[in-house]
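Chemist: Fold the stuff below for me.
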Amino acid sequence: MTGLLVVAGAALAVVVVLFVLFRLTWRVAEPNEALIISGLRDRGTPEGVSESLGFRIVTGKGTLVLPGIQTVRRLSLDLREAELEIECVTHQGIPLGVRGVVIYKVGDDYASIANAARRFLDQQADMNQRVHNVFAGHLRAIVGSMTVEEMIRDREKLTQLTRESSGTEMEKLGLIVDSLQIQEIVDPTGYITNLGRPHNAAVQSQARIAQAGADREATEREQEAEALKAEAVRASSVKQAGYQAEIDRAAADARQAGPLSEATAKQQVVVQETRVAELEAQREEQRLQATIRKPADAHAYEQTTLAKAERDARISAAEAHAKEVELQAVANSQRVKVEAGADAERVRLAAGAEAEHV
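Modeler: Now for the predicted structure:
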């Protein structure tokens, strides 16, 4: 039993030792880095890089490293950004400042990684300055062959020429350019500002002319609108006056309708009274014919004379009444005319009845 425990313990110790040794010798390259392994010459690297440079490159996988015999260093494959601030002189002798940015990285192929490792493995912090120096020289040369007008009109040309001219040198350094942007062209002498003054003045002049035209057109439209508004107000006032006149006429007609109706009613009353008087006269005449005519022959002269006098009095009264009615007709012609006619008719009929009776 004791022997078995010893064997088991020894086996476990061996496993632990092997695991620790494996952990000490196994290195893994992250996706954004390359392992640069130097020491023993390795013939398994593609393209014979290990034969030509004497080190091994590992990317995206793990590898065994012999401690004390081989050395492992890491080269970052991340994107890097270098600011460009370069003073240049154009073909015309105009000093300009160019501001831009270069986005670059170590190439993914073994040759680029090998070139970058030989130049920057222990100086990775200085890569931005080295790239700035490369682009500064090429950018000064290109700006020196261009005019200010060309740079303003075709900034893409400046970017393309700079990228092409620096491409070979960047390739030798094991670097590739992802993006180059010229962000700003600084004009310390004011040449660009003066260059744009004529165009700016022309644009401002056109803007003032356009504004004046717009103001004039707006004024004309406002005047037309005011004229239309005044015309509408006048037409409305005319219509309102016409409506008011119609209302006044209707009110006057309504006021006159009452007196006219009253006068007509009175006229009808007078006519009816006249007819009643005629009937009464006829009845009285018949009664007189039957009972009084013979006894009254002697008294006929007296009655005739009295009747004539009474008739004359009634006629005079009727004439006076008619005159009074005529005077009242001046203020209310229709009503007075109707009443006067009715009274005259009644008096005439009464007088006729009396005359016939006599």
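Chemist: where along this structure do the helices fall?
Modeler: All helices of the chain, identified by DSSP state H, fall at 2-25, 49-53, 110-120, 127-144, 148-153, 155-172, 191-291, 300-329, 333-357.
Chemist: what helices or strands is the fourth one leaning on?
Modeler: Applying 3 or more CB pairs under 8 Å, 6 or more residues apart in numbering; DSSP states H and E, one finds that helix 127-144 contacts strand 80-89, strand 95-106, helix 155-172, strand 175-186. C-beta here means a position set from N, CA and C on the backbone, and glycine is covered the same way.
Chemist: Could you look over these and pick the most buried one?
Modeler: Highest mean neighbour count of the helices and strands packed on helix 127-144: strand 95-106, a mean of 18 (counted as mean count of other CB atoms under 10 Å).
Chemist: CA atoms of that one as PDB?
Modeler: Presented in PDB, the C-alpha positions along strand 95-106 are these (Å, rounded to 0.1, in the frame of the first residue of the first chain):
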ATOM      1  CA  PRO A  95       5.000  79.900 -47.100                       C
ATOM      2  CA  LEU A  96       2.200  77.600 -46.000                       C
ATOM      3  CA  GLY A  97       1.500  75.300 -43.000                       C
ATOM      4  CA  VAL A  98       0.100  71.900 -43.700                       C
ATOM      5  CA  ARG A  99      -1.800  70.100 -41.000                       C
ATOM      6  CA  GLY A 100      -2.800  66.400 -41.500                       C
ATOM      7  CA  VAL A 101      -3.000  63.000 -40.000                       C
ATOM      8  CA  VAL A 102      -1.500  59.600 -41.100                       C
ATOM      9  CA  ILE A 103      -3.200  56.400 -40.000                       C
ATOM     10  CA  TYR A 104      -0.800  53.400 -40.400                       C
ATOM     11  CA  LYS A 105       0.200  50.000 -39.000                       C
ATOM     12  CA  VAL A 106       2.700  47.200 -39.400                       C
END
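Chemist: what lines up beside that strand in the sheet?
Modeler: Under the criterion DSSP bridges, strand 95-106 sits next to strand 80-89 (antiparallel), strand 175-186 (antiparallel) in its sheet.
Chemist: Adding distance to Ser165 as columns, could you present those strands in CSV?
Modeler: CSV is the format used below for the strands paired with strand 95-106 (distance: least, CB to CB, whole Å):
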stretch, distance to Ser165
strand 80-89, 14
strand 175-186, 11
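Chemist: Tell me which of the ones you listed approaches Val131 most closely.
Modeler: With CB to CB as the criterion, Val131 lies closest to strand 80-89 of the strands paired with strand 95-106, at 4.5 Å.
Chemist: domain ranges for this protein?
Modeler: For the chain, whose domains are defined here by automatic domain parsing, the residue ranges read 24-77, 79-189, 261-357.
Chemist: Pipe the ones you listed into TSV and attach mean pLDDT and distance to Arg197 per row.
Modeler: Formatted as TSV, those follow (pLDDT from 0 to 100; distance: least, CB to CB, whole Å):
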stretch	mean pLDDT	distance to Arg197
domain 24-77	72	49
domain 79-189	88	13
domain 261-357	72	93
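Chemist: Would you format those domains as CSV with distance to Ala8 included?
Modeler: Output for the domains of the chain, formatted as CSV (distance: least, CB to CB, whole Å):
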stretch, distance to Ala8
domain 24-77, 25
domain 79-189, 47
domain 261-357, 142
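Chemist: Out of the ones you listed, the one nearest Gly9 is which?
Modeler: Minimum separation from Gly9 across the domains of the chain (CB to CB) falls at domain 24-77, 22.5 Å.
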